[in-house]
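1. output the structure for:
(one chain, ligands or ions: 1)
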Amino acid sequence: MLTSFSSRYGPWALITGASRGLGAEFARQCAERGLNVILIATNADLLRAQADSIRSLYGVEARTVALDLGREDILKDLTAVTDSLEIGLLVNNAGVSKVGPFLNLTADQLVKQLHVNARAGLILAHHFGKKMVERKRGGIIFLSSASAMYGTAYCANYAGTKAYNLIIAESLWYELGRHGVDVLGFMAGSTKTPGWDANMPKPNRFVKVMDVKPTVAEALNALGKRPSLIAGRSNRLGYFFMGKMLTRKQAIRIVSESMDKMFGPFDNSV
Ligand SMILES: NC(=O)c1ccc[n+]([C@@H]2O[C@H](COP(=O)([O-])OP(=O)(O)OC[C@H]3O[C@@H](n4cnc5c(N)ncnc54)[C@H](OP(=O)(O)O)[C@@H]3O)[C@@H](O)[C@H]2O)c1
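-> This is a model prediction of the structure:
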């Protein structure tokens, strides 16, 4: 199992947003499965601490690149580090997930979110995907979200970027899959991370908050087996029945009202 994962997706994994939360756990589990890791985020100190811990725990190589993925030219500084390495796995995980009324964010904040959550992953998948296709092996994971399934008030732009991640992943699953490259769109549900906590959610008996460890294990285990996956059995069942029993209009209302209950109440006066 360990050998096959590293021979399929090694020797290096590149993980964006690896300074904390799901990305830090992706980096840890990739290292545990025998891959060297390149960790990307803006916080250089947190990245260095993650890399030190991974090296000492798993005996693999770990490098860091402090990089703002919202920048125009994200490949310039990155390729100086990656050009000499064989990246067999790309995890497009970095994300900005601010919850709140659409009009309370500035247009610049929304565009930056679009760049980090969608544009950066597109550029990286294009750059590293090309090399993977040449080698006829590799894997790419796009972090999507359950909010990609239906229009979701109070995170409209975020949900839109996550729908982008889902659809590009499923499309490339077929297209790059024919060249030996596995692609997965992974729809994380509510997961306990610093990003989740920063949005100050209120407890909700209908929402099961998952831990990062099983969530990331599900994603890595699903890679190469399917085009996309919703994290967590109860989330999968919930969305299955919503799709069967509700119109899109009803579903959009339900998920939007639950956002208001869990993260609001939001003042909708502009
Ligand atoms: N947690 C959930 O409930 C949940 C649910 C569904 C989907 N997801 C998705 O899962 C992914 C990870 O979420 P999380 O909860 O672990 O988030 P998090 O705790 O907020 O961590 C986000 C990561 O992205 C990095 N990042 C943010 N802006 C960046 C930028 N401009 N350039 C480079 N790196 C940047 C952060 O590092 P720096 O601050 O150091 O830059 C951090 O490492 C996201 O794509 C999110 O949309 C999460």
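
2. roughly how far does residue 171 sit from the ligand?
-> According to C-beta to the nearest ligand atom, to the nearest Å, residue 171 stands 19 Å off from the ligand. C-beta coordinates here come from the backbone N, C-alpha and C atoms, glycine included.

3. check residue 8 too.
-> Taken as C-beta to the nearest ligand atom, the span from residue 8 to the ligand is 23 Å.

4. what residues are up against that residue?
-> Residues near residue 8 by C-beta atoms under 8 Å, 6 or more residues apart in numbering: 88, 137, 138, 139, 182, 224.

5. following whatever helix or strand it lives in, which helix or strand shows up next?
-> Here residue 8, judged by DSSP states H and E, is contained in helix 2-9. Following helix 2-9 in sequence order, the next helix or strand is strand 12-16 (DSSP H and E).

6. tell me which residues are up against stretch 233-253.
-> 146, 149, 150, 151, 152, 153, 187, 189, 208, 229, 230, 254.

7. in this structure residue 128 contacts residue 14, no?
-> Yes: using C-beta atoms under 8 Å, residue 128 makes contact with residue 14 at a distance of 6.9 Å.

8. look at these two and report which has more neighbours.
-> residue 14 (28 against 21; other C-beta atoms under 10 Å).

9. that one: what's its closest spatial neighbour, skipping adjacent residues?
-> Using C-beta to C-beta, 6 or more residues apart in numbering and skipping residues adjacent in sequence, the residue nearest residue 14 is residue 38, 4.5 Å away.

10. how about residue 174?
-> residue 227 (7.3 Å).

11. give me the neighbour count for residue 161.
-> 27.

12. host element of it?
-> Residue 161 belongs to helix 156-175, assigned by DSSP H and E.

13. only the buried residues of that helix, if you could.
-> Under the neighbour-count criterion of 16 or more other C-beta atoms under 10 Å, helix 156-175 has 156-166, 168-170, 172-173 buried.

14. using PDB, write down the CA coordinates of the helix or strand where residue 142 lies.
-> Assigned by DSSP H and E, residue 142 belongs to strand 138-145. C-alpha atoms of strand 138-145 as PDB (Å, rounded to 0.1, in the frame of the first residue of the first chain):
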ATOM      1  CA  GLY A 138       0.800  11.400 -11.100                       C
ATOM      2  CA  GLY A 139      -2.200  12.900  -9.200                       C
ATOM      3  CA  ILE A 140      -3.900  16.200  -8.600                       C
ATOM      4  CA  ILE A 141      -6.400  16.900  -5.900                       C
ATOM      5  CA  PHE A 142      -8.600  20.000  -6.000                       C
ATOM      6  CA  LEU A 143     -10.200  21.100  -2.700                       C
ATOM      7  CA  SER A 144     -13.800  21.700  -3.300                       C
ATOM      8  CA  SER A 145     -16.500  22.000  -0.700                       C
END
